[in-house]
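**Student:** Pasted the sequence and its predicted model underneath.
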Amino acid sequence: MEAWVDISILGLMALTAIAIVMLRNLLAVVMLSGIYSLLAASIFVVMDAVDVAFTEAAVGAGISTMLFIGTLALTTRIEKKPAHTPVLPLIVVIITGAVLIFGTLDVAVYGDPLAPAMQDVAPYYLENTKKHAGIPNVVTAVLASYRGYDTLGEVVVIFTAGIGVILLLGSWRRGLPKIAPHKDDKA
């Protein structure tokens, strides 16, 4: 059953990516990018990586989408047709993808109990968490204590992105001259 969920989500991600490439309306592309990020967050939830899913949903679907919409408010909503065929970028993407796929051939199978992380790292955390961190929940101890700097980094990224969005969408308007209200508008 879980394999069908994975296949379904990955299929929807592929369809969304194809639609993003095909569309010229940038607002639709931004909306589909947000949907793609939510689908990626769903994959992370299925893989029991809820902290990564939260970050993907907050940054990928939330803050990035708001930033892109704010950018579209300052620019145009329709992408211009390229003057030439972008063959070189396509070749670079294909080569990069091939190298990344080649790099994953050596990775242990997901959930394999004989993987090196399951032989050394996981038993250490399970045995020593209560003693070292004083927290009975192993997941909380790993996120808050063992990986505290990583979690702090994720929070800083989200905070910085939020501040950047606020600055980009709010402060630039202060320097603009006030527009006189329309004669039909009542103050």
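**Tutor:** Structure's in. What do you need?
**Student:** Residue ranges in this structure under the pLDDT threshold?
**Tutor:** By pLDDT under 70, the low-scoring segments of the chain are 170-187.
**Student:** the longest helix in it is where?
**Tutor:** When the chain is scanned for its longest helix (criterion: DSSP state H), the result is helix 148-170.
**Student:** Check what contacts that one and list those residues.
**Tutor:** 51, 55, 58-59, 63-64, 66-67, 70-71, 143-144 (Cβ atoms under 8 Å, 6 or more residues apart in numbering). For the C-beta atoms, the positions are set from N, CA and C on the backbone; glycine is no exception.
**Student:** Quick check: buried residues in it?
**Tutor:** 151, 154, 158, 161-162, 165, 169 (16 or more other Cβ atoms under 10 Å).
**Student:** and it, C-alpha only, in CSV?
**Tutor:** Extracted in CSV, the C-alpha atoms of helix 148-170 (Å, rounded to 0.1, in the frame of the first residue of the first chain):
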residue,chain,number,x,y,z
GLY,A,148,20.4,21.3,17.8
TYR,A,149,22.6,23.4,15.5
ASP,A,150,20.9,21.9,12.4
THR,A,151,17.4,22.6,13.8
LEU,A,152,18.6,26.1,14.8
GLY,A,153,19.9,26.6,11.2
GLU,A,154,16.5,25.5,9.8
VAL,A,155,14.7,28.0,12.1
VAL,A,156,17.2,30.8,11.1
VAL,A,157,16.6,30.0,7.4
ILE,A,158,12.8,30.3,7.8
PHE,A,159,13.1,33.5,9.9
THR,A,160,15.5,35.1,7.4
ALA,A,161,13.2,34.2,4.5
GLY,A,162,10.3,35.7,6.3
ILE,A,163,12.1,38.9,7.1
GLY,A,164,13.3,39.1,3.5
VAL,A,165,9.7,38.7,2.2
ILE,A,166,8.5,41.4,4.6
LEU,A,167,11.3,43.8,3.5
LEU,A,168,10.8,43.1,-0.2
LEU,A,169,7.0,43.5,-0.1
GLY,A,170,6.6,46.2,2.4
